[in-house]
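Asks: coords below, sequence missing:
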C-alpha cells in the first residue's frame, strides 16, 4: 500500500502567456510538517491520526521507511493516515531504506536510527548522494554512534550499526542545513534517558523558521525543548513523545508562494487556503516580501490573498532571504516583473538543495532574457523589457518547475511569454497537481 497515487506526466508542459489570474487554491499539506509529524508519531506512545497529510514522493518515502522499520500505519483516505507509535522502539532491527531525494526524511531518520541502534542502510537517488550529511554524522559519532559511509565520505549512502551513545552535550554546525539540528532535536528525547542532553550550535544557524516548526511539533507530541537563544537547545531527562491523538497538517507555505506571486504579478486576487496569519511555517513571511514589492496582501486565520498594486508593476527588492530559502526562489522569478534590479542575499543553502539552485536559477533566468549576477551566496537579477520564450530545464527539482511557470504571466507589465517546462513530473515531490492548480487560476487557456 502506498499513499502516493501513480500519476502520468508528459515530457514537457507548454504554457502560453496568461493575461490575468484570479481564484482560490487549496494548498497541499506542508512537506516539512508532514514528514516531521510522521516520524514523531512513529516514535510516540499511542496512535496518531494525521489529517491533511501531504501526498507526495517525499512522504511516500517516509511512509515506506517506517513500514520497513516495522511501524504500522494505515491510510484512512487520501489525506488521512493513522500511525501506531512504538514508544521509541523499532520492531525491525535491520532494514534497507530507500530515501529518494527527501532531505526531510533521511536526516531525521539518520539521527533516530543511530540512537535506537540496529543494522540499517540508507540510500537514495544520485542527487541525494551529492547532498551533504557529514555535519550530522560527525555530531552523532562524536557521542558514540556507529555510522559508516559506503560511498563518498560526508555524503549518503550510510550504514548505521548499534553504537553506545553517551550524550550529555553535543554540537553541530548550523550554517549548511537546519535539517541537521532538526534531526538531533527530534532524536534528543531518545538520548535523554537518565540525563539532560544539550545541543550546541556552532556558527550561524540558518533557516531558523524551520527549527521553529520542529520545536512546535515536538511540543505537540509532549516534549518541550529549552532554548538559549539560537545557540543551544536542551532536553531534560525522562521526556517521552506521546501521541496528541490527532493532528492537522497545515497547507504548505512554500507552495503558497507561487500563487501569491501570481496574484501580485497577474492582477488577482488569488487566495490560498490552508495557511494564515498564525501559521507555524516561516515561509508565510514570503507575503511580507511581496508587500515590500508593492503587492496588496490580506491575511485571515487560514488564508492569505494577494493582488497587484495600483500600477501593476512590482518594486525591486534587495533583502536577506536566509529565513525563507525555499520561498525565496519565487522572489527570483517575481523579480522579472520588477521596476529595476533585485538582489537576493544570504542564500548559500540553495547550493545543497535538490539541485544547486543558485546555478540553476541563474542559468534559466538568463534563458528568458534577464541579466543575472551569481555570487557565492546571492543573486542579482535585472529584468528584461520583455521575457523571451524559453524551454526551462528543471533539474529534477520541483521548485524550479513551479517557479518558472510564473514567467508565463503577462500582467500589466506585459512581460510574460510562452514557456516550455521540461520534466514536469518533478512537482510530484511536493505538489503532484501543481499545474492543474495553476491552470485553475488562469483566465485564459494554458496548455
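Replies: Thanks, I have the structure now. Please read these numbers as outputs of a predicted model, since none were measured by experiment. Residues are numbered from 1 along each chain as shown.
Asks: now do the same contact list for the residue lying closest to residue 153 once chain neighbours are set aside.
Replies: Leaving aside its sequence neighbours, residue 153 sits nearest to residue 134 (Cβ to Cβ, 6 or more residues apart in numbering; 7.1 Å). No exception for glycine: its C-beta is placed from N, CA and C like everyone else's. Residues counted as contacts of residue 134 (Cβ atoms under 8 Å, 6 or more residues apart in numbering) are 153-155.
Asks: any of the residues you listed buried? List them.
Replies: The neighbour-count test (16 or more other Cβ atoms under 10 Å) applied to the contacts of residue 134 identifies residue 155 as buried.
Asks: mind checking which of the contacts of residue 134 are in strands?
Replies: Among the contacts of residue 134, no residue falls in strands (DSSP state E).
Asks: pLDDT weak spots in the chain?
Replies: 1-6, 411-414, 445-447 (pLDDT under 70).
Asks: all helices of it, in order?
Replies: 31-43, 57-68, 103-116, 134-141, 178-191, 208-220, 253-266, 286-292, 325-334, 357-367, 398-405, 434-441 (DSSP state H).
Asks: which parts of the third one are buried?
Replies: What that stands for is helix 103-116. By neighbour count with 16+ other Cβ under 10 Å, helix 103-116 contains the buried residues 103-116.
Asks: pull the most distant pair out of the residues you listed.
Replies: 103 and 116 (20.3 Å; Cβ to Cβ).
Asks: over to the spatially closest residue to residue 236 that is not a sequence neighbour: give its phi and psi.
Replies: Among residues not flanking residue 236 along the chain, residue 196 sits closest, at 5.2 Å (Cβ to Cβ, 6+ apart). In terms of degrees, to the nearest 10, the main-chain angles of residue 196 are phi -70, psi 150.
Asks: export the helices of the chain to a markdown table and tack on distance to residue 278?
Replies: Output for those, formatted as a markdown table (distance: least, Cβ to Cβ, whole Å):
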| stretch | distance to residue 278 |
| --- | --- |
| helix 31-43 | 14 |
| helix 57-68 | 24 |
| helix 103-116 | 22 |
| helix 134-141 | 31 |
| helix 178-191 | 21 |
| helix 208-220 | 11 |
| helix 253-266 | 12 |
| helix 286-292 | 13 |
| helix 325-334 | 18 |
| helix 357-367 | 29 |
| helix 398-405 | 25 |
| helix 434-441 | 23 |
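Asks: winner for burial among these?
Replies: helix 253-266 (a mean of 30; mean count of other Cβ atoms under 10 Å).
Asks: just list what it packs against, helices and strands only.
Replies: Here helix 253-266 touches strand 21-26, strand 267-273, helix 286-292, strand 303-307, helix 325-334, helix 398-405, helix 434-441, going by 3 or more Cβ pairs under 8 Å, 6 or more residues apart in numbering; DSSP states H and E.
Asks: tell me how far it lies from the chain's centre.
Replies: 16 Å (Cα atoms, centre = their mean, to the nearest Å).
Asks: turn the helices and strands packed on helix 253-266 into TSV, columns for distance to residue 80.
Replies: Below are the helices and strands packed on helix 253-266 laid out as TSV (distance: least, Cβ to Cβ, whole Å):
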stretch	distance to residue 80
strand 21-26	15
strand 267-273	18
helix 286-292	28
strand 303-307	22
helix 325-334	26
helix 398-405	23
helix 434-441	21
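Asks: ok, residue 140 to residue 101 distance?
Replies: 22 Å (Cβ to Cβ, to the nearest Å).
Asks: and residue 419, by the same measure?
Replies: 24 Å.
Asks: go on, residue 116?
Replies: From residue 116 over to residue 101 (counting by Cβ to Cβ), the distance is 24 Å.
Asks: likewise residue 420?
Replies: According to Cβ to Cβ, residue 420 stands 23 Å off from residue 101.
Asks: tally of neighbours for residue 76?
Replies: 12 (other Cβ atoms under 10 Å).
Asks: repeat for residue 227
Replies: Neighbourhood size, residue 227 [other Cβ under 10 Å]: 12.
Asks: need the contact list for it.
Replies: 215, 233-234.
Asks: what's the answer for residue 339, then?
Replies: Residue 339 touches 313-316, counting by Cβ under 8 Å, 6+ apart.
Asks: who wins on neighbours among those residues?
Replies: Busiest of those [other Cβ under 10 Å] is residue 314, holding 28 neighbours.
Asks: my guess is it meets residue 338, correct?
Replies: Yes: under the criterion of Cβ atoms under 8 Å, residue 314 makes contact with residue 338 at 4.6 Å.
Asks: give the residues shared as contacts by the two.
Replies: Joint contacts of residue 314 and residue 338 (Cβ under 8 Å, 6+ apart) are residue 293.
Asks: leaving out the residues flanking it, which one is nearest to the residue at the greatest distance from the centre of the chain?
Replies: Most distant residue from the mean C-alpha position of the chain: residue 194, 33.9 Å away (Cα atoms, centre = their mean). Counting by Cβ to Cβ, 6+ apart, residue 237 is the residue found nearest to residue 194 once chain neighbours are left out, at 5.7 Å.
Asks: so that neighbour touches residue 196, yeah?
Replies: Yes: between residue 237 and residue 196 there is a contact at 5.7 Å, judged by Cβ under 8 Å.
Asks: neighbour count: the two, which is higher?
Replies: Neighbour totals were compared for residue 237 and residue 196, and residue 196 leads with 17 against 12 (other Cβ under 10 Å).
Asks: mind checking how far the more buried one is from residue 352?
Replies: Using Cβ to Cβ, one obtains 31 Å as the distance from residue 196 to residue 352.
Asks: same question, residue 129
Replies: Using Cβ to Cβ, residue 129 is found at 13 Å from residue 352.
Asks: do the same with residue 340
Replies: 30 Å.
Asks: who's more crowded, the two?
Replies: Set residue 340 next to residue 352 and count neighbours by other Cβ under 10 Å: residue 352 wins out with 17 against 13.
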